[in-house]
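Q: please work out how this folds:
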Amino acid sequence: MANLKEVRNRIASVNSTQQITKAMKMVSAAKLRRAQDAILTMRPYAAKLREIMENISGTLEGGAGGDFARVRPVEKVLIVAVNSNRGLCGAFNANINRAVNRLIRETYAKQAKEGNVKVLAIGKKASDFFSKQKNVLVGNHNEVYANLNFENVSAIAEKIMQEFAAGQYDRVEVVYNQFKNAAVQYVITEQMLPIAPPATKGDAAKTAASDYIFEPRKEELVLELIPKSVKVQLFKAVLDSHASEHGARMTAMNKATDNAGEMLRELRLSYNKARQAAITGEILEIVAGAEALKG
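A: Presented below is the predicted three-dimensional model:
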């Protein structure tokens, strides 16, 4: 009977866990709808703003793009790792941490040896991970998800831009999960600063000349658009990561619920077999006792 009691306890434990995973799946599904609406609304605006900014800046000469478009020899690098504050979302956080480490190890190996690669974490899971590495983490913004809006994210972008303009960093990269659907997220690495020029300058000049009437001058517009574009780019990355987190957690909890159901079926089968064996043993004991009394 001790074995039966142990199986009963395991059944109760797995059943309790399954109820928790079901609830977490439903909560993540509800949050995912809002997060998905936010990023799908934001993407067209961010893409068009970046297109306009690149087209205009592609027609300018020299350093007309200001400090944020100035390309310098890459000696000091900042990597913005966008992660979540909580776990239970599969490989969501681990994928970002691995991608950042790979970027440091492969792309910026020379700068890393000199101690010139730093990580700014957005999300507790990133800050916890990189705080264990010596002299890598320069700050964290775990509070962003408590009140996720453009003003809070743009304050982070503003600080990064100030440090870049002051020469504290020569390049800024952002690594985040891009949302596709609840089951699929892509790890993306984007250059945040300096602003990358358009692919072909001639096409950009043609597009800018034919599509836009400039008031005020192009140079003034670019100086206004570049900071705004950088802030929007970072905000889009955080929104993408936020939607991806809920999608990944919903998928992970769905799988956990299914696994718990499968485990419950196996445990109940084991319980029934053990119970049947125990009953059979008791019947045999009774029969044996009766036979002994007859003898």
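
Q: who does the top helix by length along the chain touch, helix- and strand-wise?
A: Determined from DSSP state H, the single longest helix within the chain is helix 218-294. Other elements packing on helix 218-294 under the criterion 3 or more Cβ pairs under 8 Å, 6 or more residues apart in numbering; DSSP states H and E are helix 2-57, strand 77-82, helix 92-102, helix 150-165, strand 171-181, strand 184-193. Quick note: C-beta positions are derived from backbone N, CA and C, even for glycine.

Q: same thing but at 10 Å, please
A: Judged by 3 or more Cβ pairs under 10 Å, 6 or more residues apart in numbering; DSSP states H and E, helix 218-294 is in contact with helix 2-57, strand 77-82, helix 92-102, strand 117-122, helix 150-165, strand 171-181, strand 184-193.

Q: that helix: how far from the chain's middle?
A: Computed by Cα atoms, centre = their mean, to the nearest Å, the separation of helix 218-294 from the middle of its chain amounts to 20 Å.

Q: ditto for stretch 111-124
A: 18 Å.

Q: now that stretch: mean pLDDT?
A: When pLDDT is averaged over stretch 111-124, the result is 95.

Q: secondary structure element for Gly87, which one?
A: Using DSSP states H and E, Gly87 sits in no helix or strand.

Q: am I right that it is in contact with Asn93?
A: Yes: under the criterion of Cβ atoms under 10 Å, Gly87 makes contact with Asn93 at 6.6 Å.

Q: of those two, who's got more company?
A: Neighbours per residue (other Cβ atoms under 10 Å) separate Gly87 from Asn93, with Asn93 holding more: 24 against 14.

Q: so what pLDDT did that one get?
A: 96.

Q: joint contacts of Gly87 and Asn93?
A: Residues touching both Gly87 and Asn93 (Cβ atoms under 10 Å, 6 or more residues apart in numbering): 124-125, 128.

Q: quick one: buried residues of stretch 86-101?
A: 89-90, 92-93, 95-97, 99-101 (16 or more other Cβ atoms under 10 Å).

Q: can the shared contacts of Gly87 and Asn93 go into JSON lines with extra columns for distance to His242?
A: Listed next are those as JSON lines, based on distance: Cβ to Cβ, whole Å:
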{"residue": "Lys124", "distance to His242": "14"}
{"residue": "Lys125", "distance to His242": "13"}
{"residue": "Asp128", "distance to His242": "18"}
